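> give me a 3D structure for the following:
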Amino acid sequence: MVWKRAARLALSALATGFFVLGCAPSYVIERGDSIAAGGGGASVNGGGASGLGLGGGDASNIELTVQEWGTFTSMQGPDGVDLGGLHHEDEALPSWVNRRNFNSQLDYYFEQLPSEPLQQLETPVLYFYTAQPASVHVEVHFNQGIVGQWYPDATSFAPALDDLTEMANGAMTWDVLADPTIDAATLQAVDPTEIWAPSRHVASTPIRGTATGDAETEQFIFYRGLGMFEPPVKVLSEADGTMHVQNASADALPAVFVLRASSTGGYVLTLGPLAAGGELTLAPPDTSLYSATYVDTAGSALHSALVDSGLKDDVAQAMVDTWTRSWFGNVGLRVLYVAPRAWADGWLPTTITPTPSSFTRSLVGRIEVITPADEAALVAEIDANASSGTAMDPTSLGRFAEPRIRYALGNLTAQASLDYANALLAAAHALP
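Here you go, the predicted model:
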């Protein structure tokens, strides 16, 4: 099948940053409707295996705990509205990661995009802990999105390939064997500098996928995709640099951060929790906050917050190390916040069999912010280029070129500028 093994693809990564964590006390999600009952699932090798009887021990005697972290990214204009065009990769994944569509580097390896995604669901990673071999069945439903990449191979996924009519009703199942005796030498080789490498620096139980004969082994289950959900967190930016971070939900945010990275350093502001229905107002930050060593300060602060969310120390560090380049190294302004546990359970209802004694979920939300100054500068550049006929490379705007251009289109008036921006948008959309 086209989404199975293929030759190595050269992936492009457009830089960016983001962060946030989330999670409350651990608890177990009730088992929901099966994926098969939802229809549209594509089954690997002719059918889904049950969650038990795959070579593990007696499920009634298994002591299983699970830890999960993940990230979701959006971009908002000065008015706090989420912008479309979030299908561009931040950092490339190894070529052996499973994808819906191996034939295309575009559209996040989807065969098509029925609508412009508002969120990137990045690297949800599930770690398992057991003292004896255990057959584990995992079901994930992504009601307002679709999973496009995953590892190890899934037992089934939905919607079926080439049956993608809306960015909704996504679902995945995995059957894996968590086994402390799996040799780390059987894991796929990755360079220590690759984004995949830090996630392995965790003392969890290795797993082997059982969906196919590939015997894919790893330290975790990984997946990522695109979504249409809109978190009730908005960032409004004023012309003088004042920012308003608003939480329109009935759930408090455990922690909120603001990061700004420049080519020479940056700053991190730890704002603390944000109450349900609350708002935090920030005056324009003093430029003296910029520091060449802020990466260490930011990493330490975020690691502590992740541990407070329930993650083990090494799991929290693996998350920080995975996203250090993106969160702290890419130029831009971003708000990072702890997503309440209820949001993770609502967006990604997950069932694990056998039922874990503990299941910690820490999702990291990230909002890339377009300020009025950023927007005015881009509008002026488009106007000038349209008048002079000067070509513009959309990669100069970074990974979020497409949403930035989409927002600029609403502030252009001259027909020549609108035509220029639409052509630029088409070029940005085609980027990996």
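
> quick one, what contacts the residue most central in space within the chain?
For the chain, the residue sitting closest to the mean C-alpha position, by C-alpha atoms, centre = their mean, is residue 122 at 1.7 Å. By C-beta atoms under 8 Å, 6 or more residues apart in numbering, the residues touching residue 122 are 18, 70, 71, 72, 73, 90, 224. Bear in mind the C-beta positions are built from the backbone N, C-alpha and C, glycine included.

> list buried residues within the residues you listed.
Buried by 16 or more other C-beta atoms under 10 Å: 18, 70, 71, 72, 73, 90, 224, out of the contacts of residue 122.

> thought the last one was touching residue 151?
No. Look at residue 224 against residue 151 with C-beta atoms under 8 Å: they stay out of range, at 10.0 Å.

> what's the burial count for residue 300?
12 (other C-beta atoms under 10 Å).

> now it: how far from residue 249?
In this view, residue 300 and residue 249 are 28 Å apart by C-beta to C-beta, to the nearest Å.

> for residue 243, same thing?
On the measure of C-beta to C-beta, residue 243 and residue 249 end up 19 Å apart.

> who's more crowded, the two?
residue 243 (21 against 17).

> phi, psi of that one?
phi -120, psi 140 (degrees, to the nearest 10).

> what do you get for residue 396?
Torsion angles, degrees, to the nearest 10, at residue 396: phi -70, psi -20.

> can you show me the strands along the stretch 151-300 of the chain?
156-158, 170-178, 207-209, 217-218, 221-227, 233-237, 243-247, 253-261, 266-274, 279-282 (DSSP state E, counting those that start in this stretch).

> among these, which is nearest residue 293?
strand 266-274 (9.8 Å; C-beta to C-beta).

> quick one: list the elements packing against the closest one.
With contacts defined as 3 or more C-beta pairs under 8 Å, 6 or more residues apart in numbering; DSSP states H and E, strand 266-274 has these neighbours: strand 243-247, strand 253-261, strand 279-282, helix 294-308.

> can you give me the angle the first one makes with strand 266-274?
Here strand 243-247 runs at 40 degrees with respect to strand 266-274, directions being taken by axes from the mean of the first three to the mean of the last three C-alpha atoms, to 10 degrees.

> gap between strand 243-247 and the chain center?
Mean-position distance between strand 243-247 and its chain equals 22 Å (C-alpha atoms, centre = their mean, to the nearest Å).

> which intervals of the stretch 151-300 of the chain have sub-threshold pLDDT?
Flagging of the stretch 151-300 of the chain using pLDDT under 70 yields the residue ranges 213-214.

> and the residue sitting furthest away from the middle of the chain, how far from residue 82?
Farthest-out residue of the chain from its mean C-alpha position, per C-alpha atoms, centre = their mean: residue 388, at 39.2 Å. Residue 388 sits 33 Å away from residue 82, going by C-beta to C-beta.
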